[in-house]
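**Q** what's the 3D shape of this:
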Amino acid sequence: MTLDMDTIDRTILRLLMKNARMPYLEIARECGISGAAIHQRVKKLTDIGVIQGTRLIVDPKSLGFDVCTFIGIQLREVSLHDSTIEALRQVPEVVECYFLTGKYNLFIKVYCRDNEHLMHTIFDKILTVQGIISTETFISLNETFSRQVSIEDVL
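**A** Alright, predicted model coming up:
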């Protein structure tokens, strides 16, 4: 599907990416069109899948989750992909999961309170999932930045 987006759509996305709670009337003033037109355009962008929702971002450290890790997972058989992902989805500490090419079949992001919690999560939850034959854990020392795709660079 080809995206039919004009300058106003890109402006709306840029503003909402900076502040998803920005009122439509304020966006309308920035774009020079009515609030109703903004509402229609946001609905269109949502309907075609460009906007996939809004979310509240909570700092895991503020909730006591001080250890962030990335774990590469090798599966015994690629046919176990779906059941493994479903089992990992049931582990609350796993917050992201990616299907990859290369050395690992899956790569997950995990938040834990401390190293003991991490050890428990790996040995008692992740390694007990049927089909996982090995893992490699990478501990993040610090998140240096996180961002979305830049509207200016892509569109």
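**Q** Look up how far Gly72 lies from the residue nearest in space to the middle of the chain.
**A** Per Cα atoms, centre = their mean, the C-alpha nearest to the average position across the chain is that of Glu96, at 6.4 Å. Going from Glu96 to Gly72 by Cβ to Cβ, to the nearest Å gives 13 Å. In this view, the C-beta of every residue, glycine as well, is placed from N, C-alpha and C.
**Q** same check, this time on Arg29
**A** For Arg29, the distance to Gly72 - Cβ to Cβ - is 48 Å.
**Q** next one: Arg89
**A** Counting by Cβ to Cβ, the separation of Arg89 from Gly72 is 18 Å.
**Q** more crowded one of these two?
**A** More crowded of Arg89 and Gly72, by other Cβ atoms under 10 Å: Gly72, with 17 against 10.
**Q** residues contacting that one?
**A** Residues in contact with Gly72, defined by Cβ atoms under 8 Å, 6 or more residues apart in numbering, are Lys103, Tyr104, Leu106, Phe107, Thr135, Glu136, Phe138.
**Q** domains for this structure, by residue range?
**A** 7-47, 60-140 (automatic domain parsing).
**Q** tell me which residues in stretch 132-141 are buried?
**A** Neighbour counts over stretch 132-141 (16 or more other Cβ atoms under 10 Å) mark Ile132, Thr135 as buried.
**Q** Just the helices from this protein, written as ranges.
**A** Secondary structure of the chain (DSSP state H): helices located at 7-18, 24-31, 35-47, 81-89, 115-120, 151-154.
**Q** Distance from the chain centre to the fifth one, please.
**A** What it means is helix 115-120. Relative to the centre of its chain, helix 115-120 is centred 23 Å away, using Cα atoms, centre = their mean, to the nearest Å.
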